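In: have a look at this fold, sequence not included:
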Ligand SMILES: Cc1cc2nc3c(=O)[nH]c(=O)nc-3n(C[C@H](O)[C@H](O)[C@H](O)COP(=O)(O)O)c2cc1C
Ligand code: SF4
Ligand code: SF4
Ligand code: SF4
Ligand code: FES
Ligand code: FES
């Protein structure tokens, strides 16, 4: 049986969801037989590959780079899963939505103690921020959701197991809570 | 007390005349989701989660406030009702900034629980991200408007049970907001007795005890049980 | 005053009027005042003073005469001659008319409206019978036109049950929008038991663009008082309230004066017209909230509470003001009552169509040639209103749709122009009769934009008590805005429909339940316009800016920009 091609990605989030994935601990060893991890912060791949079976996407869509990557992920993946609250609700990442982008950049990089990275103003160093941080499903079609901040390992396991078994990824009531 | 007979989900039940559909359903273990309602407080019918289908009525009716009547035929769950309830909770989640992960009420929240129970794993509407303040001016309690669902339990319990009527609503529509003493900082309120009833009945993390950090706020309501039960029965003309 | 004295006063005033060789009626309705009617009155007054204020020359400042967009209006009555009406009257023109009439010369043709003008000819004026014909501040002039005779008839010749039956027979239905049978409501309140009963007249009129009720209150206040008093007698109330919205100070002031005059004349207060019936009326002023037109919110507001609807039942007929049985009707509904008893319920119900009897007042506006206030028999085809009374579309535009019922209503497309305008037929088309706003739109109007306008109104006016209306209006508004600015996706369109249906079914009061109507109705008749906005990013009417991109296109555009940067050899 061919292995499930799993990709993970880290958009506008804190990497906590990936930490939680690692918290699966020794269970990961068992999964390794059935899964090929083809992309993500945990592997060394520069390009998002073709023909991914399952993509777990952490974080919200906050900037142009996120948007570009997410659209590519959607094109190349069979199942795209919003992985964690930031991906589903915008969560903490979206708290900046009460500010205008310009005010935010000014506030953080100019009015505040820091200074803007060299040539950052041209938008060549910092990926351009979107006007609003968006949950994934407002940008692309999303096939399933794993809520939680971060989602408990058992939720992640349940989702991956369902995908492995070719079942729809639909978490039970206790596994569905945000936060 | 005159008895009546009605049908809920194809089953016949007998009930007392002054009871609401919700009370009868709950007495018989039939679950109807609610949010704004709290037994013993005057029902207001605002959240619309308890809507049930009543034969002969063109639109669903709120179970928390609709008195049962002889011969009613009621359905408490259907695809349509489930879909409506989901949408309503999604609207609430989108309306204010419910970032559960950094909320005092995380894991003890009625809104959060309802969402999970109704099968909501994402919200299809725009998050409004209103910029709302917090009021931490009171010594022991605080109010975070960002988590308020405007259920008005606080308003009602403070008025009807504590008798202080500290809380009320200002503005209208989506700009409505809970205010203390005609819109003063809660800390300056002279009517508030610090009884904490509003805090304990608040379904979400909008009203909480200071000092609680993420997930630490648990609502403690047992001290209100007796008085609320007495009020509930009184509304039907009965006593404890 | 007793019944005989009432009749004497009517006779005397009428004789005085008939003895006049010239009566000048200047419209002083709000639109005409805005167009300069006061200067016209002043100029005529000066001339008349110069002539020594002769008893057989009368100058009357009336309420609205009808064709408001053509104001100021001057109507001239001379014995034995057809009445003549001038539009857009200046002080100079008015003086010329006066002088030529006095010299019995040919009156000026300039701005003279044609004798057979359909705007006047096609109307049937029952409720508006006195509007524009009398000085609203004159009790005598109202009495001269048969005013308070219906009240006298009710008090002296009929039992309260007879009165209720009469209203039932007339077939009158509520003019506030819902169309509930008025007689039935009166009977319900009559049968309800309570320590006291109240009558409330709803003059809150919050629909944008509607001004029928204001005009009626300003132009013929005694008619409303008479209607309310008859209702009070019929249901057994001793107190009435008129709830006037805060934006209508003139209406409130006229009603106040009318109440005072009527009380002084013994037509209100204790022992009305020497009968055993005593009845007081007071004014309550709203603070300008659309939702306070909803009956339970209105009653709450009268009692000094927050203007918020509550769940019915109990209906006001059982438990209204302070828990007492309360009759609440629209002011136009009350305005119909004196007519019912003056012409008789049978004659009244001879007007109309199907289950909709009598007449309806509309505020006709939008892209028609003749804007103004009209009264037509129920069941008149929409085409007749638009093309004959309204004179067709201005600037040769093509009719696209008519909107009725304001933010709670919907639109009627061109292919339904022959629909009879009555409760049932409008409802069948997904619109409502509403309180009487009628906006005519040509092809220059974008239906999505129209829907968005009404949704913005509703989101502003939602009281906030229930979730679907409080938040649903905001979300629907955002979806419509996206459609209008070109950034909507097909899924947005789907979400829009789902939300609308849900809101209609779940909102607590009529505001939220009806708020999706303008969207649903435009979706029903003009879906292709929505599709054009979403699929082709094009506004067929050319109204919407369409200057934003949907996310998927935004992404592509931005990506192109990035790759262009990369090609420049720059670091990303
Ligand atoms: C949101 C809302 C606004 C309303 N506004 C008015 C109004 O401005 N005037 C009015 O007469 N009725 C209004 N109504 C209808 C009233 O609730 C009530 O049905 C009416 O006054 C009854 O009088 P009728 O039977 O004579 O029509 C409104 C209803 C709703 C739901
Ligand atoms: S109040 Fe409830 S739903 Fe809102 S953020 Fe807190 S835990 Fe989440
Ligand atoms: S503060 Fe709490 S109890 Fe009060 S209205 Fe808001 S959510 Fe309800
Ligand atoms: S439908 Fe709107 S106006 Fe009516 S109660 Fe609900 S929130 Fe208030
Ligand atoms: S619980 Fe009944 S409406 Fe909120
Ligand atoms: S106000 Fe003068 S015609 Fe209407």
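Out: Noted; the coordinates are in hand. For clarity, every value in this text was computed on a predicted model and none was experimentally measured. Ligands and ions are numbered 1, 2, ... in the order given.

In: who's in contact with stretch B:151-168?
Out: Contacts to stretch B:151-168, defined as CB atoms under 8 Å, 6 or more residues apart in numbering or on different chains, come from residues B:35-36, B:38, B:40-42, B:44, B:46-47, B:169, B:178-182, B:186, B:189, B:191-193, B:195, B:197-199, B:201-203, B:207, B:224, B:227-228, B:231, C:306. To be clear about C-beta, it is placed using only N, CA and C from the backbone, and glycine gets the same treatment.

In: so which residue of chain B comes closest to chain A?
Out: Closest contact between chain B and chain A, by CB to the nearest CB, is at residue B:100 (2.7 Å).

In: neighbours around that residue, how many?
Out: Residues within reach of residue B:100, counting by other CB atoms under 10 Å in any protein chain shown, total 27.

In: now do the same for the spatially closest residue to it that is not a sequence neighbour: its pLDDT.
Out: The spatially closest residue to residue B:100, leaving aside those adjacent along the chain, is residue A:179, at 2.7 Å (CB to CB, 6 or more residues apart in numbering or on different chains). With respect to pLDDT, residue A:179 scores 92.

In: how far away is residue A:179 from residue C:460?
Out: With distances taken as CB to CB, to the nearest Å, residue A:179 is found 33 Å from residue C:460.

In: who's more crowded, these two?
Out: Neighbours per residue (other CB under 10 Å) separate residue A:179 from residue C:460, with residue A:179 holding more: 22 against 16.

In: before we move on, back to that, pretty sure the residue nearest to residue B:100 sits against residue A:85.
Out: Yes. Counting by CB atoms under 8 Å, residue A:179 does reach residue A:85; the two are 6.9 Å apart.

In: where do the contact lists of these two overlap?
Out: Between them, residue A:179 and residue A:85 share these contacting residues under CB under 8 Å, 6+ apart: A:147, A:148, A:149, B:100, B:101.

In: would you turn these into JSON lines with distance to ligand 4?
Out: JSON lines is the format used below for the shared contacts of residue A:179 and residue A:85 (distance: CB to the nearest ligand atom, whole Å):
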{"residue": "A:147", "distance to ligand 4": "29"}
{"residue": "A:148", "distance to ligand 4": "33"}
{"residue": "A:149", "distance to ligand 4": "31"}
{"residue": "B:100", "distance to ligand 4": "26"}
{"residue": "B:101", "distance to ligand 4": "30"}
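
In: ok, which of those also contact ligand 1?
Out: The subset of the shared contacts of residue A:179 and residue A:85 lying close to ligand 1, counting by CB under 6 Å from any ligand atom, is empty.

In: list just the nearest of the residues you listed to residue B:145.
Out: residue B:100 (16.2 Å; CB to CB).

In: does the closest one touch residue B:115 like I think?
Out: No. With contact defined as CB under 8 Å, residue B:100 does not reach residue B:115; the gap is 9.3 Å.

In: identify the contacts common to these two.
Out: Common contacts of residue B:100 and residue B:115 (CB under 8 Å, 6+ apart): A:177, A:178.

In: OK, contacts around the residue of chain B closest to chain A?
Out: Residue B:100 touches A:85, A:149, A:177, A:178, A:179, B:106, B:109, B:112, counting by CB under 8 Å, 6+ apart.

In: ok, now residue B:119?
Out: Here residue B:119 is in contact with A:173, A:176, B:82, B:86 (CB under 8 Å, 6+ apart).

In: please report the distance of it from residue C:39.
Out: Distance from residue B:119 to residue C:39, counting by CB to CB: 68 Å.

In: now residue A:53
Out: From residue A:53 to residue C:39 the distance is 82 Å (CB to CB).

In: likewise residue C:387?
Out: From residue C:387 over to residue C:39 the distance is 34 Å, taken as CB to CB.

In: between the two, which one's more packed in?
Out: A count of neighbours by other CB under 10 Å puts residue C:387 above the other of residue C:387 and residue C:39, at 18 against 15.

In: how about stretch C:26-40 against ligand 6, any contact?
Out: Yes. Using CB under 6 Å from any ligand atom, stretch C:26-40 comes into contact with ligand 6 via C:27, C:29, C:31, C:32.

In: excluding its backbone neighbours, what's nearest the second one?
Out: To tie it back to what came earlier, the one meant is residue C:29. residue C:64 (3.3 Å).

In: what's the pLDDT at that neighbour?
Out: pLDDT, residue C:64: 97.

In: helix, strand or coil for it?
Out: Per DSSP: H, G, I helix; E, B strand; the rest coil, the secondary structure class of residue C:64 is coil.

In: thought it was touching residue C:375?
Out: No. Using CB under 8 Å as the test, residue C:64 is too far from residue C:375 to be in contact (11.1 Å).

In: before we move on, what SS does the residue nearest to residue B:100 have?
Out: coil.

In: where does chain B dip in pLDDT?
Out: B:1 (pLDDT under 70).

In: cool, and chain C?
Out: Counting by pLDDT under 70, the ranges of chain C that qualify are C:555, C:558-559, C:561-572.

In: any idea which strand is longest in it?
Out: Counting residues, the longest strand in chain C under DSSP state E turns out to be strand C:359-366.

In: can you list contacts of that one?
Out: Identification of contacts with strand C:359-366 by CB under 8 Å, 6+ apart yields C:124-128, C:175, C:209-212, C:215-216, C:332, C:336, C:351-352, C:370-378, C:385, C:389-390, C:402-403, C:421, C:433, C:436-441.

In: pick out the most distant pair among the contacts of residue B:119.
Out: Using CB to CB, the pair of the contacts of residue B:119 lying farthest apart is A:176 and B:82, separated by 14.7 Å.

In: so those two - more neighbours on which side?
Out: Taking other CB under 10 Å, residue A:176 and residue B:82 do not tie; residue A:176 has more neighbours (21 against 13).

In: mind checking pLDDT for that one?
Out: If you check residue A:176, the pLDDT there is 94.

In: what residues are up against it?
Out: Residue A:176 neighbours (CB under 8 Å, 6+ apart): A:147, B:115, B:116, B:119, B:120, B:121.

In: ok, 6 Å please
Out: Applying CB atoms under 6 Å, 6 or more residues apart in numbering or on different chains, we find residue A:176 in contact with A:147, B:116, B:121.

In: distance of the last one relative to residue A:74?
Out: If I follow you right, that is residue B:121. 19 Å.

In: who has more neighbours out of the two?
Out: Higher neighbour count among residue B:121 and residue A:74: residue B:121, with 21 against 18, using other CB under 10 Å.

In: for that one, what are its contacts?
Out: By CB under 6 Å, 6+ apart, the residues touching residue B:121 are A:145, A:147, A:176.

In: chain neighbours aside, what residue packs nearest to it?
Out: Excluding the flanking residues, the one nearest residue B:121 by CB to CB, 6+ apart is residue A:145, at 3.9 Å.

In: closest to residue C:416 out of the contacts of residue B:121?
Out: For these, the nearest to residue C:416 is residue A:145 (44.8 Å; CB to CB).

In: okay, and the closest one sits in which element?
Out: Applying DSSP states H and E as the criterion places residue A:145 in strand A:144-146.

In: circling back: as TSV, the contacts of residue B:121 with distance to residue B:8 would be great.
Out: As requested, the contacts of residue B:121 are arranged in TSV below (distance: CB to CB, whole Å):
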residue	distance to residue B:8
A:145	33
A:147	32
A:176	27
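
In: residue C:64 and residue C:375 - which one has more neighbours?
Out: Neighbour tally, residue C:64 and residue C:375, criterion other CB under 10 Å: the higher count belongs to residue C:64, 28 against 22.
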